[in-house]
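Colleague: output the structure for:
(chains A, B, C and D)
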Protein chains: 2
Amino acid sequence: MGLTKSQIYTDRQNDLAQFFKVLGHPARVAILQYISQQEACICNDLVEEIGLAQATISQHLKELKSLGLLKGEIEGKRMCYCIDMVRWNDIQNQLNSFFNTTKSNCC
Amino acid sequence: MGLTKSQIYTDRQNDLAQFFKVLGHPARVAILQYISQQEACICNDLVEEIGLAQATISQHLKELKSLGLLKGEIEGKRMCYCIDMVRWNDIQNQLNSFFNTTKSNCC
DNA sequence: ATTTATTATCGTAATATTGCAATATGTAAA
DNA sequence: TTTACATATTGCAATATTACGATAATAAAT
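Modeller: I've put the predicted structure just below:
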């Protein structure tokens, strides 16, 4: 059906899956890696760097923003996207907590 | 188009995204959590526990197996699925490496 | 005000994913 | 060797995701 039955899972399960899902595309991995290597990030650089159309990059940025991983500031006529370090650490901790809890219980 | 252009990314970017993607569904998160809480895991238990059809659970298990996160042993007429701890730790380390590298470079 | 440059949004086509019923396969018991 | 049970596979329908061209929106420069 293509429709995930979110209502049968806990909020925590849905949240964890959502984190993983947003990171689960190579373009978004590449965007995060590229941003982390720049002084300041500009969307048009990403278009050349990654090799997707501008509309597509903009869409991927939107998803990363929706998770709070990126924050964008207007800088003249450009956008400066940066990783939100607080959120980044928060999500890393939540994912590690999932990994650690799961493995500590396992048979 | 629905078609991810894998060839424009590095192998590492594709691998990372693949790990995230497989974990990016609440049913698969729930399956891993449930297995970790049992002495031994049986597929039919999952069907009742999670509330998806047997075919659907089997499909999700297949994806987790494809990543090497689960290993299944035949036990009588049932299957005993367990988390592969070596692979589990391996993937956790790779994801942490991604998180740490990215944040250490960031502006 | 017009032009130019940058990013966001909309509409659309193509592929992927999710979920299930039906069926096949495999295994143990009767 | 049937029967019963457990899991895997297949086929299909519905929704989601990916990607891009076209276009809108925004902001600086001319």
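
Colleague: please enumerate the helices of chain A.
Modeller: A:11-23, A:26-37, A:43-50, A:54-66, A:85-105 (DSSP state H).

Colleague: which one of the ones you listed is the most hemmed in?
Modeller: Among the helices of chain A, the stretch with the highest mean neighbour count (mean count of other CB atoms under 10 Å in any protein chain shown) is helix A:26-37, at a mean of 22. All C-beta spots, glycine's among them, are computed from the backbone N, C-alpha and C.

Colleague: not counting sequence-adjacent ones, nearest residue to the most centrally placed residue in chain A?
Modeller: Nearest to the mean C-alpha position of chain A, by CA atoms, centre = their mean, lies A:L64 at 3.9 Å. Leaving aside its chain neighbours, A:L64 sits nearest to A:L70 (4.5 Å; criterion: CB to CB, 6 or more residues apart in numbering or on different chains).

Colleague: the one you found: how many residues sit nearby?
Modeller: Here the number of neighbours of A:L70 (other CB atoms under 10 Å in any protein chain shown) works out to 23.

Colleague: ramachandran coordinates for A:G68?
Modeller: phi 80, psi 10 (degrees, to the nearest 10).

Colleague: same question, A:D84
Modeller: According to degrees, to the nearest 10, A:D84 has phi -80, psi 100.

Colleague: that older thread, of the helices of chain A, which is nearest A:G76?
Modeller: Evaluated with CB to CB, the helices of chain A place helix A:43-50 nearest to A:G76, the distance being 12.7 Å.
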